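>>> how would this look folded up:
(2 chains, ligands or ions: 2)
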Amino acid sequence: MAIRFDYLAKETGTNLVRNPSLTIAAVLTVAVSLALLGFSLVFREGVSRVSERWSDDVEFIVWMRPDATDDQIASVDQKLADNPLVTDHSYVNREATFAEFREYYADTPEIVETVEPAQLPTSYRVVPAASELAFVDSLGQEYEGQPGVSDVVFAGEFIKQLNAITGLAISGVTVVAAVAAVAALLLMYNTIRTAVFARRREVEVMKLVGATNWFVRIPFMLEGLVQGLIGAGLAVLAMFGVNRMIRDSQAASELDFINSFVLQPADLGPISLWLLAAGAAIGAIGSGFAVTRYLDA
Amino acid sequence: MIRLDDVTKTYSEGNVALRRANADIAKGEFVFLVGPSGSGKSTMLRLMNKSEEPDSGRIFVAGKDIGELSNWKVPMLRRNIGSIFQDYKLLPNKTVAENVSFALEVIGRPRAVIKTQVPQILDLVGIGDKADKQPHQLSGGEQQRVSIARAFVNRPLILLADEPTGNLDPQTAIGIMRLLDRINKTGTTVVMATHDAKIVDTMQRRVIQLDTGNIVRDEREASYG
Ligand SMILES: Nc1ncnc2c1ncn2[C@@H]1O[C@H](COP(=O)(O)OP(=O)(O)OP(=O)(O)O)[C@@H](O)[C@H]1O
Ligand SMILES: [Mg+2]
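Numbers count the residues shown, from 1 in each chain, chains lettered A, B, ... in the order given. Ligands and ions are numbered 1, 2, ... in the order given. Here you go, the predicted structure:
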C-alpha cells in the first residue's frame, strides 16, 4: 500500500503544531535526556584524555648530588644511553634548573635571590620504554645507588592514583549515560503515549475506514522522529555551548588539565551524530510502540 | 451478503451478548436490528466488521468466512463496510471536506480521485455548501450526513448503522432515513440498529429482534414490536 508523500507531510506537520504543549514536552524530554547522555560522553572522553596525557609523560627524575663530579655525571649518562629500556633521557644542567626554579618562585623574588646556579643540583629526565608502574619502579631503582646520584623521584604514585580515579569516573559516567538513554526512551514512550491517547479517536476512525496498521503508525513514527531530531539538535547545541563555555572560562586558562575536557569539532562531530541518531531512533521507535497499543483494539 | 452461522459472543465478564445467532442477509437488503438496551444489537454489528471476534460460530461477509481472515486483511474488509454511529465519530479538528477525504487518503486513493469524489458525495448527502465548516458548526443531522458521506464515499457493499438517529429530533431523523433509503436503493446492504419504533413502522423492512442475546423474531416487511 502506498502512502502519499503529501498526505504524510501534511499529517505530520499539522499534528506537530496542533498539540504544541505535547510536542514541546516530547522535544524537551529528548533534549534533556540526550544532553545528559552527551555530557557524559564528553566527560568520558575528557577523563580518558587526562589520563592519557599523564600516562604519556610517565617518567622519573634522577637527581645528581650538587657536588657530583663530571665523571660521575658522564657515567650515569652513559648508563642511561646504553639501557634499552630507556626510550629517552635528557640532562637538565644548572642553568636550566635555575631557570625553572626562578619561574617556579616568580612570585617570591627574595627566595630566588638567595640561590646561585652553582648551588643547584642537576638532573636527568628519563622516559622509560613502557609505562607500567612496576616496570618504571624497578628501572628507576637501578640508578638509585649510582655514585653521584642523590635521589630518584617517580611520577608513579601520582599516576597510580590518577588512574584509579579516572577508572572510577569513567565507570560512573558510563552508568549515568546508560541511565540517561533508558530514561530518554521511557520518557519519550510516555509522552508519545499521551499524544496518541489524545488522538485515539482519530486512530479509531482510521481503523474503521480500513487503514492498515502501518498507515496509522507511520505518521506517528514520523512525528516522533521529527521531535526526536529536534530534541537531539537542542542537546547538540547545548553540548557545543557548554564546551565553548569551558574553553573560554577562567579555569581553563589557569588549570591546564581542564583543557582536556575541551573537545575539538572533530571529536564533537561523531558524538553529535550519535545523539541525532539516538534522538531519531528514540522518537520513531517510541512512537511506533506507543501507537501499537491502540491498533489491536 | 452477510451470514451469521450459530454465532455466540461472550464478553470477558461472562455475560452472553449474543447466543447462537443465525441470520442470512441478502445483497441489497435493508434490515433493522431492534430490542431493548443491552440485547446485543451493537455487538452483532461489531461482529460483522471484525471489530469483535465471536466465541463460536462463523460469520460470512460476501461469501468469505471473516474468522479466517488474517489480521492484515481486516482493513480490506473494512473498506467494503461503511459504519455510522449515534455519536457520528467525526474528527473535530478537521473540516467537513477533510473528514471525508481523510477516509479516502487513509486507504491510499490518489489525490485527483479525492478531489472529485468528495464534493460529489457531499452534494449527494445534501451538505455540499458546508464543506469548509468544522463539525461543531453543524447541527446533529448535518454531522450525521457528514459521517454518512465518509462511510459511503468509498461505495462500500455494506453499511452498518448503530442508532444513527439516536440523537436526532424526529424531523431530522426522517431526513437521515430518506438518505439511508437512497443509499440502500443503489444496491448497498444496510443493517441498522435502532430503538425508534416509528421509523421501523414507517419503513416496513425486515426486522431482526433481539432479547438478551437471543434472536426472538426475524420478519420481513415488519413493524417494530
Ligand atoms: N465491550 C464490552 N465489554 C463487556 N461487555 C460488553 C461490551 N459491550 C457490550 N457489552 C455487554 O454485552 C451486552 C450487549 O451489549 P450491546 O452493546 O450489544 O447491546 P445493545 O443492544 O447495542 O444495547 P443498546 O441499545 O443500549 O445500545 C450487554 O450486556 C453489554 O453490557
Ligand atoms: Mg448499542
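>>> number of nearby residues for residue A:138?
By other C-beta atoms under 10 Å in any protein chain shown, the residues close to residue A:138 number 12. C-beta: built from backbone N, CA, C; applies to glycine.
>>> over to residue 25: give its phi and psi.
Just so you know, I chose chain A. Backbone torsions for residue A:25, taken as degrees, to the nearest 10, come to phi -60, psi -50.
>>> to clarify, I was referring to chain B.
phi -110, psi 120.
>>> list the contacts for it?
B:1, B:2, B:3, B:31, B:189, B:191 (C-beta atoms under 8 Å, 6 or more residues apart in numbering or on different chains).
>>> quick check, nearest of those to ligand 1?
residue B:191 (12.6 Å; C-beta to the nearest ligand atom).
>>> the contacts of residue B:25 in strands, which ones?
Among the contacts of residue B:25, DSSP state E puts B:2, B:3, B:31, B:189, B:191 in strands.
>>> turn these into a markdown table, columns for distance to chain A, neighbour count and pLDDT.
Formatted as a markdown table, these follow (distance: C-beta to the nearest C-beta, whole Å; neighbours: other C-beta atoms under 10 Å in any protein chain shown; pLDDT from 0 to 100):
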| residue | distance to chain A | neighbour count | pLDDT |
| --- | --- | --- | --- |
| B:2 | 17 | 24 | 97 |
| B:3 | 21 | 17 | 98 |
| B:31 | 20 | 20 | 98 |
| B:189 | 17 | 22 | 98 |
| B:191 | 15 | 25 | 98 |
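>>> residues touching residue 135, list them.
I went with chain A, as the question did not name one. So residue A:135 contacts A:85, A:128 (C-beta under 8 Å, 6+ apart).
>>> meant chain B, my bad for not saying
Residue B:135 makes contact with B:88, B:90, B:91, B:92, B:94, B:96, B:99, B:143, B:146 under the criterion C-beta under 8 Å, 6+ apart.
>>> and the residues you listed, which is closest to residue A:189?
residue B:91 (24.8 Å; C-beta to C-beta).
>>> three-state assignment of that closest one?
State at residue B:91, reduced to three classes by DSSP: H, G, I helix; E, B strand; the rest coil: coil.
>>> surely it is in contact with residue A:204?
No: here residue B:91 does not reach residue A:204: they are 9.9 Å apart, not a contact under C-beta atoms under 8 Å.
>>> ok, these two, which is more surrounded?
Neighbours were tallied for residue B:91 and for residue A:204 using other C-beta under 10 Å; the higher tally belongs to residue B:91 (18 against 15).
>>> residues near residue B:17, how many?
Other residues close to residue B:17 by other C-beta under 10 Å number 24.
>>> er, residue A:273 actually
By other C-beta under 10 Å, the burial measure for residue A:273, its neighbour count, is 12.
>>> and the residue nearest to residue A:102 when sequence neighbours are not counted, which helix or strand is it part of?
Leaving aside its sequence neighbours, residue A:102 sits nearest to residue A:112 (C-beta to C-beta, 6 or more residues apart in numbering or on different chains; 5.1 Å). Assigned by DSSP states H and E, residue A:112 falls within helix A:109-113.
>>> could you dump that helix to PDB, C-alpha only?
C-alpha atoms of helix A:109-113 as PDB (Å, rounded to 0.1, in the frame of the first residue of the first chain):
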ATOM      1  CA  PRO A 109      62.000  37.000  44.200                       C
ATOM      2  CA  GLU A 110      63.600  37.200  47.600                       C
ATOM      3  CA  ILE A 111      63.900  33.400  47.600                       C
ATOM      4  CA  VAL A 112      65.400  33.400  44.100                       C
ATOM      5  CA  GLU A 113      67.900  36.000  45.200                       C
END
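>>> for ligand 1, what are the nearby residues on chain B?
Residues of chain B lying near ligand 1 by C-beta under 6 Å from any ligand atom: B:11, B:13, B:15, B:17, B:35, B:37, B:38, B:39, B:40, B:41, B:42, B:43.
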